[in-house]
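>>> Using only what follows, build the 3D model:
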Amino acid sequence: MWRYVAASVQGTSHQRNNTPCQDYSTAIELSGASLLLLVCSDGAGSGSRSELGSEVACRTLVDEVTEFARLGG
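Residues are numbered from 1 along each chain as shown. Coordinates of the predicted model:
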């Protein structure tokens, strides 16, 4: 059983400009294995919707690694 803590905080420039925190993180324990996959992404502050891009990057990596593990890679 894994325990982990994660947090993302809106930076001062984002607060000043009223833009969202653009970071994303997730964790998943791969079933049948004693492996915890931790993924994080720092959104590109200059990009519009970079908060979405960092989430998509993390979720895609989790999906790919999970599938790789399922196939016995």
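>>> which SSE is the residue most central in space within the chain in?
Against the mean C-alpha coordinate of the chain, by CA atoms, centre = their mean, the closest residue is Ser25 at 2.8 Å. Element membership of Ser25 [criterion: DSSP states H and E] is strand 23-30.
>>> Ala7 too?
Using DSSP H and E, no helix or strand contains Ala7.
>>> quick one: contacts for it?
Residues near Ala7 by CB atoms under 8 Å, 6 or more residues apart in numbering: none. Where C-beta positions appear, they are placed from N, C-alpha and C, glycine not excepted.
>>> next one: Val62
26, 28, 37, 39.
>>> Spatially nearest residue to the second one, not counting backbone neighbours?
Same thing as Ile28. Leu37 (5.1 Å; CB to CB, 6 or more residues apart in numbering).
>>> hmm, what's the outermost residue in this structure?
Farthest-from-centroid check, the chain (CA atoms, centre = their mean): Arg16, 24.2 Å.
>>> That one should be in a helix, yeah?
Yes - counting by DSSP: H, G, I helix; E, B strand; the rest coil, Arg16 falls inside a helix.
>>> For the remainder of this discussion, apply numbering that starts at 546.
OK, 546 is where the count begins now, so the last one is Arg561.
>>> Return the set of buried residues in the longest helix along the chain.
Ranked by residue count and defined by DSSP state H, the top helix of the chain is helix 595-615. Of all the residues in helix 595-615, those buried under the rule 16 or more other CB atoms under 10 Å are 595-596, 598-600, 602-603, 607, 610.
>>> Same question for stretch 556-574.
Quick answer for stretch 556-574 (16+ other CB under 10 Å): 559, 564, 567-570.
>>> Before I go, just wanted to say thanks for your time.
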